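1. build the 3D model from these lines:
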Amino acid sequence: MIAQILQELKPFNARLVAVSKTKPVGDIRKIYDLGQRIFGENRVQELMAKVDLLPEDIEWHLIGHLQRNKVKYIAPFIGMIHSVDSLELAKEINKQAARNDRRIPVLLQIRIAEEETKFGIETNKIDQFVEEMLAKNWHHLEIAGVMGMASFVDDEKQISAEFNRLKEIFDHLKSRYFEEETSFREISMGMSGDYQIALQQGSTMVRIGSLIFGARN
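-> A predicted model of the protein is given here:
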């Protein structure tokens, strides 16, 4: 299945984050042996239990909601944090990255879904959020793009519209704040059930778990 997904991503020049949450080290190793190098985990505790048991060249992405007191554990090695949705969290990431003499790429998680339970910055507050972030001059934090999750519905038109909204927000932020920044380039959207729609709407990074690993453990 992973080969088929990678073929689908090629025309869009998008990358795959293999979502390995709840999956044992042996299952991750099998996907690694097929050539996959980017893996996504939801929880810091689970990630920390796996990282030393797997090859060092894995690029780990934290894709779930991140608590500030957990940042210190992943700051030495994390490849990207997809879920920055508060200035307090951004400040802590910058602080811990500085302690490790690193610059950590982060994505701004934006709430594009209609569902109330989703985390993320409200779309009407994104400019204020970015302006406040940039004013802080947090040099150990690299704003690499945006992330969002569509509503968990069967209506493909709604899903498509929500992904399109995230692409519009990305384009707006790029032209207004990051025109000179080549590092601001990622749109992380699309999961097992809707990644094909996300690709059509401009996704550069899809987060796929169950299609690769099977149903959640």
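2. residue ranges with poor pLDDT in this protein?
-> 117-118, 216-217 (pLDDT under 70).
3. and the strands in it?
-> 15-19, 38-41, 59-62, 80-84, 104-111, 121-122, 141-147, 186-188, 205-208 (DSSP state E).
4. count of neighbours near residue 76?
-> Counted with other C-beta atoms under 10 Å, residues neighbouring residue 76 total 13. For glycine as for every other residue, the C-beta is placed from the backbone atoms N, C-alpha and C.
5. next, the nearest residue to it once chain neighbours are set aside: phi, psi?
-> When the adjacent residues along the chain are set aside, residue 76 lies closest to residue 100, with 4.9 Å between them (C-beta to C-beta, 6 or more residues apart in numbering). For residue 100, the backbone dihedrals are phi -100, psi 10 (criterion: degrees, to the nearest 10).
6. and what of residue 36?
-> phi -70, psi 140.
7. who is the nearest residue to it once chain neighbours are set aside paired with across the strands?
-> Residue nearest to residue 36 in three dimensions, not counting chain neighbours: residue 18, with 5.1 Å by C-beta to C-beta, 6+ apart. Residues in a beta bridge with residue 18, per DSSP bridges, are residue 39, residue 208.
8. any idea how far residue 18 is from residue 185?
-> Noted for residue 18: a distance of 20 Å to residue 185, by C-beta to C-beta, to the nearest Å.
9. touching, residue 212 and residue 30? I think so.
-> No. Taking contacts as C-beta atoms under 8 Å, residue 212 lies outside contact range of residue 30: 9.9 Å.
10. neighbour count winner among the two?
-> residue 212 (20 against 14).
11. tell me, what residue is most central in this protein?
-> Nearest to the geometric centre of the chain sits residue 82, at 3.1 Å (C-alpha atoms, centre = their mean).
12. ok, longest helix in the protein?
-> helix 156-177 (DSSP state H).
13. wait, what's in contact with residue 105?
-> By C-beta atoms under 8 Å, 6 or more residues apart in numbering, the residues touching residue 105 are 79, 80, 81, 142, 144, 183.
14. check contacts around the closest residue in space to it that isn't next to it in sequence.
-> Leaving aside its sequence neighbours, residue 105 sits nearest to residue 144 (C-beta to C-beta, 6+ apart; 4.0 Å). Taking C-beta under 8 Å, 6+ apart as the contact definition, residue 144 lies against 80, 105, 106, 107, 183, 184, 185, 186.
15. now residue 180. Its backbone dihedrals?
-> According to degrees, to the nearest 10, residue 180 has phi -90, psi 0.
16. mind checking how far it is from residue 174?
-> 10 Å.
17. neighbour count for those two, which is higher?
-> Legend: neighbour count by other C-beta under 10 Å for residue 180 and residue 174, higher for residue 174 (15 against 6).
18. for the more buried one, which non-adjacent residue is closest in space?
-> Per C-beta to C-beta, 6+ apart, closest to residue 174 is residue 184, 6.0 Å.
19. tell me how many other residues surround the one you found.
-> By other C-beta under 10 Å, neighbour count at residue 184 equals 20.
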